[in-house]
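A.B. asks: Just to be clear, the model below is a prediction. Sequence and coordinates:
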Amino acid sequence: MRIDVVALFPQAVQVFCETSMIGRAAAAGLVEFGFWNLRDYAQDARRTVDDRPYGGGPGMVLMAGPLVAAIRAARARQPAARVAYLSPQGALLDHGAVMELSRRSGLILVAGRYEGIDERVVESEIDEEWSIGSYVLSGGEAAAAVVIDAVVRQLPGALGHEDSAREDSFVEGLLDCGHYTRPPVFEGRKVPEVLLSGDHGRIRRWRLMQSLGRTWLRRPDLLAGRKLTVEEETLLEEFKREYRGLRS
Ligand code: 58G
C-alpha cells in the first residue's frame, strides 16, 4: 500500500510513520509513504499558504492554489488513489471503514490547519472526508497519523503476531477483555485465577464473558446492533448476575 500525506507540517506525521509498528511495516515494504509540504507549493515570494476568510471572522483559511498544487503532485505519484480530507465534518471512522481503507492499494490524506481549507478545494480535489471523532483538532496531521496507524496495523504481516489484529476489540463488534502479565500479585491485586489454570476452554469463555460484560456496561450501543449466540447470551447473563451480586 502507498500512503501520501499533504500537510503544512508533514514532518509531524513522518516521524510517527518511522516509529515502532508503522516504521517496521515500511521497512518490510508493506507500506510506502510520501510527504508533501504545502509550503513547497506556495506561489509567491513570501511562500504564503493561508489568508483571511471571505465574509470575515477569526482565523485563517488554507488557500486553494498551494493546496491544489500539492494534491496534484501527490496524485501524479499515485493516480488511482482517492484523496481523503480529515475534518470534523467527515464521516466517522470506525473499524469497518478502517478495514475498507486497508484493502486499498493507496490513499492520499490531506491535513488542514487553522479554520480549514478553501471549500473549492473540497469540491474539485477531495474524493472523501473522514473524521476520527467528534472534536476539533488544531491540525489534521494528528488525525492523519491516527488513520495511518489504524490502517497499517491491518495490513497482513504488519503486527508480527497475526492473531492480534483479528482478536482485537471491535473485530467481533465487542470491547476487549482485560489483560494481565507478571507478576501474579501486584500491590495485593491477583490475576484472575482462570488465566493461570491452563484450561483454554475456560479461559476462552471467561474472556468472552468479560468482553460481553464490558460492552454491556460501557457501549450498549454495540450490543443493540448484534445478535448474540446462545453461548454469548448465557455468558452475559452470568456476568450480569455477578455484577449485580457485587453491587448489592
Ligand atoms: C473545523 C475545524 C473544520 C480532523 C478545523 C476544519 C481535523 C478534527 C478532525 C478544521 C481537524 C477529526 C483545520 C484543522 C481540519 C480543519 C483540522 N479536527 N475529528 N482539524 O477528524
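C.D. replies: In hand now; what should we look at? As the structure is a computational prediction, the values presented were derived from the model and not from experiment. Numbers count the residues shown, from 1 in each chain.

A.B. asks: helix or strand right after the one helix or strand in the chain whose mean pLDDT sits lowest?
C.D. replies: Ranked by mean pLDDT, DSSP states H and E, the weakest helix or strand in the chain is helix 163-167, scoring a mean of 65. Using DSSP states H and E, the helix or strand that follows helix 163-167 in sequence is strand 185-186.

A.B. asks: Would you mind listing what in the chain touches the ligand?
C.D. replies: 86-88, 112-114, 116, 131-133, 135-137, 139-140, 143 (C-beta under 6 Å from any ligand atom). C-beta: built from backbone N, CA, C; applies to glycine.

A.B. asks: Looking at the residues you listed, which is nearest Gln210?
C.D. replies: Using C-beta to C-beta, Gly133 comes nearest to Gln210 of those, at 25.1 Å.

A.B. asks: residue contacts, the closest one?
C.D. replies: By C-beta atoms under 8 Å, 6 or more residues apart in numbering, the contact set of Gly133 is Leu92.

A.B. asks: where's it relative to Gly173, distance?
C.D. replies: Distance of Gly133 to Gly173, computed by C-beta to C-beta, to the nearest Å: 19 Å.

A.B. asks: Buried residues in the biggest strand by length in the chain, which are they?
C.D. replies: Secondary structure of the chain read by DSSP state E shows that its longest strand is strand 82-92. By neighbour count on 16 or more other C-beta atoms under 10 Å, the buried set for strand 82-92 is 83-88, 90.

A.B. asks: Let me have the residues you listed in JSON lines, extended by distance to Gly157 and pLDDT.
C.D. replies: Shown next, in JSON lines, are the buried residues of strand 82-92 (distance: C-beta to C-beta, whole Å; pLDDT from 0 to 100):
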{"residue": "Val83", "distance to Gly157": "27", "pLDDT": "99"}
{"residue": "Ala84", "distance to Gly157": "24", "pLDDT": "99"}
{"residue": "Tyr85", "distance to Gly157": "29", "pLDDT": "99"}
{"residue": "Leu86", "distance to Gly157": "26", "pLDDT": "99"}
{"residue": "Ser87", "distance to Gly157": "31", "pLDDT": "98"}
{"residue": "Pro88", "distance to Gly157": "33", "pLDDT": "98"}
{"residue": "Gly90", "distance to Gly157": "29", "pLDDT": "98"}
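
A.B. asks: Among the residues of the chain next to the ligand, which are located in strands?
C.D. replies: Per DSSP E, the subset of the residues of the chain next to the ligand in strands is 86-88, 131.

A.B. asks: quick one: Gly213 and Glu141, what's the gap?
C.D. replies: 37 Å.

A.B. asks: So between the two, which is more surrounded?
C.D. replies: Per other C-beta atoms under 10 Å, whichever of Gly213 and Glu141 has more neighbours is Glu141, with 24 against 20.
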